[in-house]
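Engineer: here is a sequence with its predicted model. Questions after.
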Amino acid sequence: MSSTEQVFGRAWAYGGGAGKSTAEFWRDYSTKLTHEQRLAQVRFIARMMDDQFRVPGTKLRFGLDLVLGLFPGLGDVVTSAISLFIVHHAWQSGAPKSVLARMLGNVGVDFLIGSVPLFGDLADFAWKANRKNARLLEA
């Protein structure tokens, strides 16, 4: 299995969305993933959103959450929507309601803190909601 198939599933790798509406594609796509594929995708999303880049000369890491958050309003909405995809995977995996509530709380705190200009962008260095949610799903 290729790495693309591992992260995104066989349907994605072979163009399984041809001729489908967006809602049909995502419904079919998300129901056909194995638990391992879900975890791989959650790890991929968390890494891209929270840890993809490193500040040169330091151990500080940041991701697209910080970069997109620099765009007032829209950036925080987009990053929260991506973060909710991790919660969706947890729900599809049958995670308990208490775990889903904690995950939604992490996304909510990330959205609220991130919506504060400048301070919110700096807080994204510390509050890594996607990484926290990935750990919750793994546990």
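Structural biologist: Everything's here; your move.
Engineer: hey, where'd the helices end up in the protein?
Structural biologist: Assigned by DSSP state H, the chain shows helices spanning 3-8, 10-13, 22-31, 35-46, 64-69, 74-92, 97-114, 119-123, 129-138.
Engineer: I'd like those laid out as a markdown table, including mean pLDDT and mean neighbour count.
Structural biologist: C-betas here are computed from N, CA, C, even on glycine. A markdown table is the format used below for the helices of the chain (pLDDT from 0 to 100; neighbours: other CB atoms under 10 Å):
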| stretch | mean pLDDT | mean neighbour count |
| --- | --- | --- |
| helix 3-8 | 54 | 15 |
| helix 10-13 | 51 | 16 |
| helix 22-31 | 64 | 12 |
| helix 35-46 | 89 | 18 |
| helix 64-69 | 87 | 22 |
| helix 74-92 | 90 | 19 |
| helix 97-114 | 92 | 17 |
| helix 119-123 | 80 | 16 |
| helix 129-138 | 90 | 21 |
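Engineer: farthest residue from the center of the protein?
Structural biologist: Residue farthest from the centre of the chain, counting by CA atoms, centre = their mean, is residue 57 at 26.8 Å.
Engineer: circling back to that earlier point, now the helices of the chain in TSV, with distance to residue 52?
Structural biologist: Output for these, formatted as TSV (distance: least, CB to CB, whole Å):
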stretch	distance to residue 52
helix 3-8	14
helix 10-13	20
helix 22-31	23
helix 35-46	10
helix 64-69	6
helix 74-92	13
helix 97-114	16
helix 119-123	16
helix 129-138	11
